[in-house]
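Student: A structural model of the following input is requested.
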Amino acid sequence: MRDPSPFRAILDRENAIFAEHDYDTYHFNRYDYVIRKCLTYRPSPTTTVLDVGRSTLTLKLCQHYRRVTSLGFPLTSEEKEASARLMAASTAMLDHLEFDLNDSRMVDRLDRDGKFDLIVFAETIEHLVAPPECALNFLKSLLVSDGIIICQTPNAVALHKRIKILCGYNPYERLRINSLEPGHIREYTKLELIEIGQSVRLQVIEHEYRDYFGGEGSKIRRMSIAASKAISSVIPSLSRGQTIIYRKANDE
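Tutor: Numbers count the residues shown, from 1 in each chain. Just a heads-up that it's a prediction; the model follows:
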């Protein structure tokens, strides 16, 4: 029987686009960048790590740290199988906490006793409908007294987005039908990320613009990305990506 939903075709198209996107290839350099930052600030293998979301990055963190916990939606069967294979071949311990950060106003929903030395909050904040202040305040509550949060997110004012606006195009995607792949709800600037952190008493210890995303696609797209990277190497604030690192205020 034909699906009567008027949104079926839209959902099918969204799923097809997501299936064609090679996420790990696009984010390969970003993974390495995150790992380097983690090891710079928390080099000890005994560091307790929380990775918001479950991805290849989570498994890469297990190569350096003995105890890693992911946080997010319930794991798929494929993710559980990947975790089982990792556990069989590694001495690392990998756990998962089921929690939707969009519920971060209700901290007591997460039944958790332990705290973390390091929280990796990478390419997630832009997908949330909850206020970013709530998400960061919630994650801060999971930190030890000297813990840090490494937050990555696209640069809302990157060069290619400014060019699109000048040409009359909206550089931001529309809200998606698929709630499990919600897309980018809201992107942020450097100043916004600093202000959001300060509002929940998080100190900024580093911020860096960096274009660590891939450049796959058509010839025109590859050429455009190469030009964008060349320009942003001279003017970093035009880069596609940014990373900000927070820690708790000294008096907390």
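Student: could you check the lengthiest strand in the chain and say which residues are buried?
Tutor: In the chain, ranked by residue count with DSSP state E as the criterion, the top strand is strand 143-154. Within strand 143-154, the residues that count as buried by 16 or more other C-beta atoms under 10 Å are 143, 147-154. The way it works is simple: take the backbone N, C-alpha and C, and place the C-beta from them, glycine included.
Student: cool, stretch 192-206 as well?
Tutor: Applying 16+ other C-beta under 10 Å to stretch 192-206 flags 193-194, 196-197, 200, 202, 204 as buried.
Student: now stretch 22-33
Tutor: 27, 29-31, 33.
Student: the residues you listed into TSV, with extra columns for pLDDT and distance to residue 67?
Tutor: Shown next, in TSV, are those (pLDDT from 0 to 100; distance: C-beta to C-beta, whole Å):
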residue	pLDDT	distance to residue 67
27	89	24
29	94	26
30	96	23
31	96	19
33	97	22
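Student: tell me the SS of residue 49?
Tutor: Three-state assignment for residue 49 (DSSP: H, G, I helix; E, B strand; the rest coil): strand.
Student: surely it touches residue 66?
Tutor: No - applying C-beta atoms under 8 Å, one finds residue 49 not in contact with residue 66, separated by 9.2 Å.
Student: the two: which is more packed in?
Tutor: Ranked by neighbour count (other C-beta atoms under 10 Å), residue 49 and residue 66 place residue 49 first, with 23 against 15.
Student: pull up the gap between the more buried one and residue 92, please.
Tutor: Distance, residue 49 to residue 92, using C-beta to C-beta, to the nearest Å: 10 Å.
Student: nearest to residue 225, of the buried residues of stretch 192-206?
Tutor: Ranked by distance to residue 225 (C-beta to C-beta), these are led by residue 193 at 23.5 Å.
Student: so what's that closest one scoring on pLDDT?
Tutor: We have a pLDDT of 98 for residue 193.
Student: confirm it sits in a helix?
Tutor: Yes - per three-state DSSP, residue 193 lies within a helix segment.
Student: any idea what the closest residue to it other than its chain neighbours is bridged to?
Tutor: If the residues on either side of it in the chain are set aside, residue 193 comes closest to residue 244, at 4.9 Å by C-beta to C-beta, 6 or more residues apart in numbering. Note on residue 244: beta-bridge partners by DSSP bridges are residue 151, residue 207.
Student: contact partners for the closest residue to residue 74 other than its chain neighbours?
Tutor: What sits nearest to residue 74 in space, not counting adjacent residues and going by C-beta to C-beta, 6+ apart, is residue 98, at 5.4 Å. Residue 98 sits next to 72-74 when contact means C-beta atoms under 8 Å, 6 or more residues apart in numbering.
Student: one more time with 10 Å, if that's ok
Tutor: By C-beta atoms under 10 Å, 6 or more residues apart in numbering, residue 98 lies in contact with 70-75, 110.
Student: tell me how far it lies from residue 145.
Tutor: For residue 98 relative to residue 145 (C-beta to C-beta), the value is 26 Å.
Student: and if you look at residue 173?
Tutor: Per C-beta to C-beta, residue 173 is found 39 Å from residue 145.
Student: using PDB, write down the CA coordinates of stretch 210-218.
Tutor: Extracted C-alpha coordinates of stretch 210-218, given in PDB (Å, rounded to 0.1, in the frame of the first residue of the first chain):
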ATOM      1  CA  ARG A 210      40.700  25.200  11.700                       C
ATOM      2  CA  ASP A 211      39.600  23.700   8.400                       C
ATOM      3  CA  TYR A 212      39.900  20.000   9.200                       C
ATOM      4  CA  PHE A 213      36.900  18.900   7.100                       C
ATOM      5  CA  GLY A 214      37.200  16.800   3.900                       C
ATOM      6  CA  GLY A 215      36.900  18.100   0.400                       C
ATOM      7  CA  GLU A 216      35.200  15.300  -1.500                       C
ATOM      8  CA  GLY A 217      32.600  15.800  -4.300                       C
ATOM      9  CA  SER A 218      32.600  17.200  -7.800                       C
END
